[in-house]
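[1] okay, structure incoming, though there's no sequence with it:
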Ligand SMILES: Cc1ncc(COP(=O)(O)O)c(C=O)c1O
């Protein structure tokens, strides 16, 4: 018997890791070298001992239902961190009105579209703007909310950030939500404060919501990436129509903790809190306690950042001048131009036992344009330094 399913599901055919398994699983590497898996952005650094210590110290709380919005201590710690990190005025953010904790940003990014995408806008199907390449959840969230996902190519020609001035007015008028990612996955580009202000200006002018995914904000090379809340503060009109998503997955190498938050426009946060009381994931109290301790601590973050910098040094020394190598401003990916991303991925697996992601799997051909990722591969430099050195040697040997 056929179970009737939501027909939108059929359009979700872009889960990149499934496509990667289909490409590589039939292939056995010809070399005996130990495999190096650089396809997944999962930090291999260990989180600081503070995490396990705080979990253990709060082990008597597993019996309690946790508050959906997050404990007052956690929301206070998040406000403290946001204020320090983005130099916000004391009192600009209220832990009760501007912050909701999440079980990692993924679920929040997904559910958020159900909040802000109406059935129609101006009598037409609403649009969700998605950078291209993109984190797959943006497209999934847009599609399942019944929106028309409009892909904004971010290529070398526009410094790997969507060209805001090129978005047609007719598209902006239909837009309900814009997912922006800075630092961008996969290219590592950082949106400048001016760029963020421009995006906020468009959201206010055309009456849509700007959701900025800042989950790589703490992995940066030189300058701390500006954030959308900081841009709001510079514009001086509160956080109207703007939310940001942050996570401990990359900042504290704690992807398994499942802890993040959304912050910004108090009206949106209030409505999101209401929606999440039906469909949100609660975060257990010991995890909230650990998250509180992690947001209060900067030492482990600085150490983590320094490790990524050393790895970008290694990658730069080995790969500069090849494959269009550039040192990204943020994040932990290399975005290498190799001609045919799928062919290079196959070759790296078959001849070097390195698993990477073809860039085309995290982007798509839209509106008659070529897939802006198809000439690239994405490599997550999440391992230790020695492993990265080995990987770079093998890449140079094979590509
Ligand atoms: C751009 C981007 N956003 C969000 C996430 C989700 O991270 P988490 O749910 O662990 O916070 C990821 C994870 O890889 C990501 O790359």
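    Here it is on my side, so go on. Since the structure is predicted, the reported quantities are computational estimates derived from the model, not experimental observations.
[2] nearest residue to residue 75 other than its sequence neighbours?
    For residue 75, ignoring the flanking residues on the chain, the nearest one in space by Cβ to Cβ, 6 or more residues apart in numbering is residue 95 at 3.7 Å. (Glycine included, C-beta is placed from N, CA and C.)
[3] do the same with residue 374
    Counting by Cβ to Cβ, 6+ apart, the residue nearest residue 374 is residue 360, at 3.8 Å.
[4] the one you found - how many residues pack around it?
    23 (other Cβ atoms under 10 Å).
[5] what's the answer for the one 3 residues further on, then?
    Using other Cβ under 10 Å, the number of residues around residue 363 comes to 27.
[6] do you know how far it is from residue 94?
    38 Å (Cβ to Cβ, to the nearest Å).
[7] repeat that for residue 147.
    Distance from residue 147 to residue 94, by Cβ to Cβ: 30 Å.
[8] those two: who's more crowded?
    Using other Cβ under 10 Å, the more surrounded residue of residue 147 and residue 94 is residue 147, with 27 against 12.
[9] I'd say residue 294 and residue 253 touch.
    No - taking contacts as Cβ atoms under 8 Å, residue 294 lies outside contact range of residue 253: 10.1 Å.
[10] what parts of the stretch 151-300 of the chain come near the ligand?
    181, 185, 213, 215, 247, 249, 255, 260 (Cβ under 6 Å from any ligand atom).
[11] now the residues you listed: which count as buried?
    When neighbours are counted using 16 or more other Cβ atoms under 10 Å, these contain these buried positions: 181, 185, 213, 215, 247, 249, 255, 260.
[12] please enumerate the strands of the stretch 51-200 of the chain.
    99-102, 127-132, 148-153, 175-181 (DSSP state E, counting those that start in this stretch).
[13] mind listing the helices for this structure?
    16-24, 49-57, 72-86, 105-116, 136-144, 169-174, 193-205, 228-235, 248-251, 266-279, 285-296, 299-319, 341-352, 385-398 (DSSP state H).
[14] picking up where we left off before, ok, which pair from the residues of the stretch 151-300 of the chain next to the ligand is furthest apart?
    Largest separation among those by Cβ to Cβ: 181 and 255, giving 16.9 Å.
[15] I'd like the strands of the stretch 51-200 of the chain written out as a markdown table, with mean pLDDT added.
    Listed next are the strands of the stretch 51-200 of the chain as a markdown table, based on pLDDT from 0 to 100:
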| stretch | mean pLDDT |
| --- | --- |
| strand 99-102 | 98 |
| strand 127-132 | 98 |
| strand 148-153 | 97 |
| strand 175-181 | 98 |
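[16] burial count for the nearest residue to residue 16 once chain neighbours are set aside?
    In this structure, residue 16 finds its nearest non-sequential neighbour in residue 361, 3.8 Å apart by Cβ to Cβ, 6+ apart. Neighbour count for residue 361, taken as other Cβ under 10 Å: 26.
[17] isn't residue 77 right up against residue 290?
    No - counting by Cβ under 8 Å, residue 77 does not reach residue 290; the two are 11.0 Å apart.
[18] between these two, which has more neighbouring residues?
    residue 290 (28 against 22).
[19] is the more buried one in contact with residue 56, as I believe?
    No - using Cβ under 8 Å, residue 290 is not in contact with residue 56, being 9.5 Å away.
[20] if we ignore the residues flanking it in sequence, what's nearest residue 103?
    residue 281 (3.7 Å).
[21] so what pLDDT did the one you found get?
    Listed pLDDT for residue 281 reads 90.
[22] number of residues surrounding it?
    So residue 281, with other Cβ under 10 Å, has 14 neighbours.
[23] can you give me phi and psi for it?
    Dihedral pair for residue 281: phi -100, psi 130, per degrees, to the nearest 10.
[24] and it, what does it touch?
    102-103, 107, 258 (Cβ atoms under 8 Å, 6 or more residues apart in numbering).
[25] if I look at it, how far off is residue 377?
    Relative to residue 377, and taking Cβ to Cβ, residue 281 is found at 33 Å.
[26] next one: residue 69
    Counting by Cβ to Cβ - residue 69 and residue 377 are separated by 40 Å.
[27] what about these two, which has more around it?
    residue 377 (31 against 21).
[28] okay, and the beta partners of the more buried one?
    With DSSP bridges applied, residue 377 shows beta-bridge pairing to residue 336, residue 358.
[29] ok, now which ones touch it?
    Counting by Cβ under 8 Å, 6+ apart, residue 377 touches 335-336, 338, 341, 344-345, 348, 356-359.
[30] swap in residue 159?
    residue 189.
[31] so for it, what's the pLDDT?
    Reported pLDDT for residue 159: 94.
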